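Asker: Give the three-dimensional model of this entry:
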Amino acid sequence: MKNVIAGVVAALAFMFAQDANAGSFCGAASYNCCPPAACQPTACYTSCKVQRQTCYRTVYETQYEPQQYTYNKTVYETQCEDQNVTCYRTVNETHYREQQYTVCKRVAETSCREERYTVSRPVWETSYRDCSYTVCKPVWETHERECRRVVCRPVVETQMRECRRTVMRRVVKTINQERCYTVMKPVTSHRTVYKNCGHWVTRKVYHPGPIVPRLVCDPCSGPRWCMTRCAGFHTCHRVWCPRVVAQQVPCTTYVPQVVRKSCPVQICRMVPECVVTQVPVKVCRMVRDEVVTRVPVRTCRWEREVVSRKVPVRTCRMVCEERVRKVPVTTCRVVQEVKTCRVPYCVSKQVPYTVTRRISRCVAKQVPVTCTRMVAKCVPRQVAYEVCRLVPVTVCDAGDFCSGCATGTPAAGAQPSGAVESDTEVLKPVPDNPPTPTPETAPSAKSRPAKTTLRA
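Answerer: Sure, this is the predicted structure:
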C-alpha cells in the first residue's frame, strides 16, 4: 500500500513540473526559453511615482467665554411703622366715707397687796479629796538597721519606627447645579366692598300725659270727680338711617412663582492617601540594682508613774428664809365709747391711654445682581493634512533595465523623461503636531486644484 501511494505522489510531481515549463498557454508565455534580446522593451512605458504634499483647511471651533450681565432682582423687605392708638382702661379708685359706731371699752384698775412666803436658799460648801492614780509613760529609743533591696532602674532608649497612616486629602470640584427658589409675584385684583354710608335723623315722639282725677262743676249735678288726661310732651331721639354703597377696592396679593437658576456649586470629596512617617519610639528596659540603706527603727517601752491630784467636792445645804412681796390685783370695768372709722368703697372710671403699635408692611425694591454666563463664539483654525498623489512617469531608455525577463522595474538611477499629473490623490493621516501654516506656504482655496481624493 505504501508503494502505491509513493508512486501516485511521484506521478503528480512530474505532471506539475511539465505544466510549469509549458506555461499557461501551452508554452507561449514562458520566458525561460526565450533569448535575452527578446526581453528588452521595444517602446516607452509609463510608471507611477508617489508624490506627497501638505495642504491646509479651515476648521471652525466653538469656544465659550464667560460674560457678566446685570439684572434687577426683586427683594422684599419688611418695614415697620409706629402708630399711636388711644385705648381706655378701667381704673378702680378707693374712696372713704366716715361712719360712727359705739364700742364697749374695758378699763382695768390695778392695786397692790402684801404677801409673805418662805423660801429655801441653797448654801454651797467646798472640800477637797485625794484622788491619786498610776499612769504608764512611753519611753522611745532609736537605733539603725541595715536594709538591702533590689530595685529595677529604667533605661530609656529611642528607636525610629515607620508609621503608616491614611489621611483624607480634600479635593474640591466646581459643578453647575440647578437651584429653584420661590419669588412672590404681585397680582392685583378687584373685589366688591359694601360700605354703610348712612346718617342720623332726629325724630320727635309725642308722649301723652297721665290720667288724673279732677273736680268738675256740673250745673246739673254739682261738683263731681272725673278722670282727665294731662297735657303730653315731646321727646327727641336720633334714629340711624342705613345706606349701603358697593365699591370696587383694588386688592394686591402675592402669588409664589418658582424660578430656576444654575449656580456653581463646589463639591468636596475626600481622597484617601497613604502617608509614611518616621516616629521616634522610646523603649524602656529595666536594669536590676542592689541598694543598701540604713533605716532608723524606734522602739517603745513603758514606765509606770504615780500622779497625785486633789479633786474639789462641793456640798449644798438648804437654809429657810421668810420674804415679803407685793402682789398686784387688777379689777376691770366696762365703759362705752363712740368712735369714727373710715369705710372704703370702690369707684370705677374710664381712663384714656395711648398705645404705640408697630405695623409691619412688605416693601418691594429692585436690587442689581451680577451673574456670569457662557457665550458661544466660533473661532476659525487652520488644520494641516497630507495629500499623496500618484504621478505617472514615462520611461524610454532601454539600457538601464536588467537582462532578466521576470521584472520590468527601472533601475535605481533611471531618470524619468516626462511626467503627467494624474487625477487620483491619496490622503494620509495628519501627524499629531502639524506645522503652523504661513501665508507663503498655505495654499488658498482658489489656487488648489479640485481633485477627486481617496482617503487611505
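
Asker: What segments of the stretch 101-250 of the chain are strands?
Answerer: Counting by DSSP state E, counting those that start in this stretch, the segments of the stretch 101-250 of the chain that form strands are 133-196, 199-207, 211-218, 222-229, 233-241, 244-307.

Asker: could the ones you listed go into a markdown table alongside mean pLDDT and mean neighbour count?
Answerer: All C-beta atoms are positioned from the backbone trio N, CA, C, and that covers glycine. What follows is the strands of the stretch 101-250 of the chain, written out as a markdown table (pLDDT from 0 to 100; neighbours: other CB atoms under 10 Å):
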| stretch | mean pLDDT | mean neighbour count |
| --- | --- | --- |
| strand 133-196 | 86 | 9 |
| strand 199-207 | 88 | 9 |
| strand 211-218 | 81 | 10 |
| strand 222-229 | 81 | 10 |
| strand 233-241 | 87 | 9 |
| strand 244-307 | 87 | 9 |
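
Asker: I'd like the ones you listed written out as CSV, with distance to Thr46 added.
Answerer: Formatted as CSV, those follow (distance: least, CB to CB, whole Å):
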stretch, distance to Thr46
strand 133-196, 64
strand 199-207, 124
strand 211-218, 158
strand 222-229, 157
strand 233-241, 125
strand 244-307, 66
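
Asker: mind giving me the domain split of the protein?
Answerer: 27-66+375-455, 133-186+257-307 (automatic domain parsing).

Asker: Any idea how far apart the tips of the shortest one sit?
Answerer: Length of domain 133-186+257-307, first residue to last, CA to CA, to the nearest Å: 5 Å.

Asker: Now do it: distance to the chain's middle.
Answerer: Relative to the centre of its chain, domain 133-186+257-307 is centred 36 Å away, using CA atoms, centre = their mean, to the nearest Å.

Asker: So that it lines up with my notes, have the first residue be 601 from now on.
Answerer: Got it, the first residue is 601 from now on, which makes the last one we talked about domain 733-786+857-907.

Asker: circling back to that earlier point, out of the strands of the stretch 701-850 of the chain, which gets nearest to Glu937?
Answerer: Within the strands of the stretch 701-850 of the chain, the stretch nearest Glu937 is strand 811-818; the backing value is 54.2 Å (CB to CB).

Asker: okay, the angle between the closest one and strand 822-829?
Answerer: If you take axes from the mean of the first three to the mean of the last three CA atoms, to 10 degrees, strand 811-818 sits at 150 degrees to strand 822-829.

Asker: and strand 811-818, which strands flank it?
Answerer: Using DSSP bridges, the strands paired with strand 811-818 are strand 822-829 (antiparallel).

Asker: which residues does Glu744 bridge with?
Answerer: Residues in beta-bridge contact with Glu744 (DSSP bridges): Pro896.

Asker: do the one 4 residues further on as well
Answerer: With DSSP bridges as the criterion, Arg748 is bridged to Val892.

Asker: From Lys795, how far out is it?
Answerer: 116 Å (CB to CB, to the nearest Å).
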